[in-house]
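K.L.:
sequence first, predicted coordinates after that:
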Amino acid sequence: MFESSRCARRWSILGFVCLSAGCNPPTDPADSIYLNGEIATVDDEQPTAEAVAVRNGIIVGVGSESEILDMRDESTVVRDLGGRTLVPGFIDGHAHFGGFGAQAVGANLLASPDGTANTIDDLVTALREYEDRRAGLHRMDLWDGVRQRGSRRTPPSDA
């Protein structure tokens, strides 16, 4: 009796270990899934995919629609590309001196991570804040006409 219960316990443990080893570890669901379009991966071994999964702004899955849909739960937003093409985001890693300087003194209309203008409302807010900061710095009403290229006209002396 003692021997058979020990044997049964061993088989139970072995069965549990074998079943556990075959299970995939639980993963967090994707925040969003993109499908039903041509998805360019920029990967020579898999140049296109049927679907892409994103979590916390990071691509966490690229593959067939069925594989990627397995990464969703009730909170995942599934976006139908409607046949349009999805390409990876590109970040310009350089700046030209003049443009960089102009960006430093102008309204920052850049999206994250270089700015905060990620929506149309953000753009409007950034433009309003810029206008508030520069109010009174440029008094165009002081000029008596349009300054022409090469002109030496200056504001009226009583300004």
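P.N.:
In hand now; what should we look at?
K.L.:
buried ones in the helix or strand containing E50, by neighbour count?
P.N.:
Secondary structure from DSSP states H and E places E50 in strand 48-55. By neighbour count on 16 or more other C-beta atoms under 10 Å, the buried set for strand 48-55 is A49, E50, A51, V52, A53, V54, R55. All C-beta spots, glycine's among them, are computed from the backbone N, C-alpha and C.
K.L.:
for P29, state which of those is nearest.
P.N.:
R55 (7.5 Å; C-beta to C-beta).
K.L.:
who does that closest one bridge with?
P.N.:
I58 (DSSP bridges).
K.L.:
contacts only, for it.
P.N.:
D28, P29, A30, D31 (C-beta atoms under 8 Å, 6 or more residues apart in numbering).
K.L.:
pull out the buried members of these.
P.N.:
P29, A30, D31.
K.L.:
need those residues in CSV (columns: secondary structure and pLDDT).
P.N.:
CSV is the format used below for the buried ones among the contacts of R55 (DSSP: H, G, I helix; E, B strand; the rest coil; pLDDT from 0 to 100):
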residue, secondary structure, pLDDT
P29, coil, 94
A30, coil, 95
D31, coil, 95
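K.L.:
which of these sits closest to A126?
P.N.:
Within the buried ones among the contacts of R55, the smallest distance to A126 is 25.7 Å, found for D31 (C-beta to C-beta).
K.L.:
which residue sits closest to that closest one, ignoring its sequence neighbours?
P.N.:
Nearest residue to D31 in three dimensions, chain neighbours excluded: R55, at 5.2 Å (C-beta to C-beta, 6 or more residues apart in numbering).
K.L.:
from P47, how far out is that neighbour?
P.N.:
23 Å (C-beta to C-beta, to the nearest Å).
K.L.:
sorry, back to before: mind putting the buried ones among the contacts of R55 into JSON lines with distance to L123?
P.N.:
Below are the buried ones among the contacts of R55 laid out as JSON lines (distance: C-beta to C-beta, whole Å):
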{"residue": "P29", "distance to L123": "31"}
{"residue": "A30", "distance to L123": "28"}
{"residue": "D31", "distance to L123": "24"}
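K.L.:
need the max-distance pair from the buried residues of strand 48-55.
P.N.:
E50 and R55 (18.2 Å).
K.L.:
about what we covered before: state the pLDDT value of the residue nearest to D31.
P.N.:
Looking at R55, its pLDDT stands at 95.
K.L.:
alright, that wraps it up for me.
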